[in-house]
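Undergrad: Model the following, please.
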Amino acid sequence: MCYFHSLNPLGGPMPEGRLLASSPCLAGEIAPNGFDPLAVDPEQARDVARWRRAERVRLRVARDALSVADRQAVGVALSAHLRHLLAQQFSGAAGLTLSAYWPIKGEPDLRDLMADLHGRGVTLALPVVAVKAAPLVFRRWMPGMAMVRGDWNIPVPPPDAEPLTPDIALAPLVGWDRVGFRLGYGGGYFDRTLAALSPRPFTIGIGLQSARLATIFPQPHDIALDVILTEAGVQFHREGP
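TA: Numbers count the residues shown, from 1 in each chain. Okay, the predicted model is just below:
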């Protein structure tokens with residue numbers, strides 16, 4: 001838990017106006033004026049990592065607390081916004097390959113939309129961890145296909161499914177900020193994959209409006225997304241190429 005106190009560890013009260021943060025909050029000590037997103041200072045990186053771990057726990061607890069009805073409403077709203085975005089940006093995306101995701105851990109469920117897009121001529125793929133700590137691979141997915149258990153026990157297309165390279169990639173968000181950075185689960189797979197793909201797919205982060213953060217304290221390896229989409233609509237859209 002993130003908390004603040006005014007007790008001087010050397011004894012007595014802290015100077016007026018000075019608070020100490022608990023260790024998960026140390027990133028707050030360097031934001032915004034002292035934070036350098038391009039820095040490689042080990043102490044700063046450790047502070048950011050601790051803060052991110054605490055925020056993942058907080059945001060996932062809040063997401064898990066949503067009722068079934070609220071989850072369904074979020075999925076319906078997000079599906080409508082995503083369908084509209086694809087229509088505007090890609091004329092519906094027919095003939096293109098879209099990498100989606102199989103929902104886990106309370107993530108928004110877009111599987112009905114995935115099936116609908118498949119029926120409209122969009123090629124669907126799902127990401128697969130084929131090698132630990134390596135970029136993801138993508139296998140073709142179709143409604144009703146037999147799935148196998150992959151990393152984290154997530155259902156994925158079988159090894160003989162067609163390998164694909166996505167034109168558009170959806171990324172589930174644990175948290176997000178107003179300049180397009182995502183807070184994921186901490187494995188680094190998505191950023192590692194984007195860095196390896198050329199050309200890079202158009203990336204759309206899918207998350208909850210309540211998961212907005214002032215910043216994720218981006219590090220040199222973090223790659224901003226092209227769009228952040230929540231149940232409230234588009235929250236970020238990158239301008240230009």
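Undergrad: Who are the packing partners of the helix or strand harbouring residue 45?
TA: Using DSSP states H and E, residue 45 sits within helix 42-64. On a contact count with 3 or more C-beta pairs under 8 Å, 6 or more residues apart in numbering; DSSP states H and E, helix 42-64 meets strand 175-177, strand 182-183. For glycine as for every other residue, the C-beta is placed from the backbone atoms N, C-alpha and C.
Undergrad: can you tell me how far the nearest residue to residue 227 once chain neighbours are set aside sits from residue 83?
TA: Of all residues not flanking residue 227 in the chain, residue 204 sits nearest, at 4.6 Å (C-beta to C-beta, 6 or more residues apart in numbering). Plainly put, residue 204 is 12 Å away from residue 83 if you go by C-beta to C-beta, to the nearest Å.
Undergrad: Quick one: the helices in this structure, in order.
TA: Remark: helices assigned in the chain by DSSP state H are 42-64, 68-90, 111-119, 189-196.
Undergrad: lowest-confidence stretch among these?
TA: Sorting the helices of the chain by mean pLDDT places helix 189-196 lowest, at a mean of 92.
Undergrad: Can I get that one in PDB, CA atoms only?
TA: Output of helix 189-196 as PDB, limited to C-alpha atoms (Å, rounded to 0.1, in the frame of the first residue of the first chain):
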ATOM      1  CA  TYR A 189       6.700  -9.100 -24.000                       C
ATOM      2  CA  PHE A 190       4.600  -6.500 -25.900                       C
ATOM      3  CA  ASP A 191       7.400  -3.800 -26.000                       C
ATOM      4  CA  ARG A 192       9.900  -6.400 -27.000                       C
ATOM      5  CA  THR A 193       7.700  -7.600 -29.800                       C
ATOM      6  CA  LEU A 194       7.000  -4.100 -31.100                       C
ATOM      7  CA  ALA A 195      10.700  -3.400 -31.200                       C
ATOM      8  CA  ALA A 196      11.300  -6.500 -33.300                       C
END
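Undergrad: re earlier: could you say which one of the helices of the chain comes nearest to residue 212?
TA: Residue 212 lies closest to helix 42-64 among these, at 9.9 Å (C-beta to C-beta).
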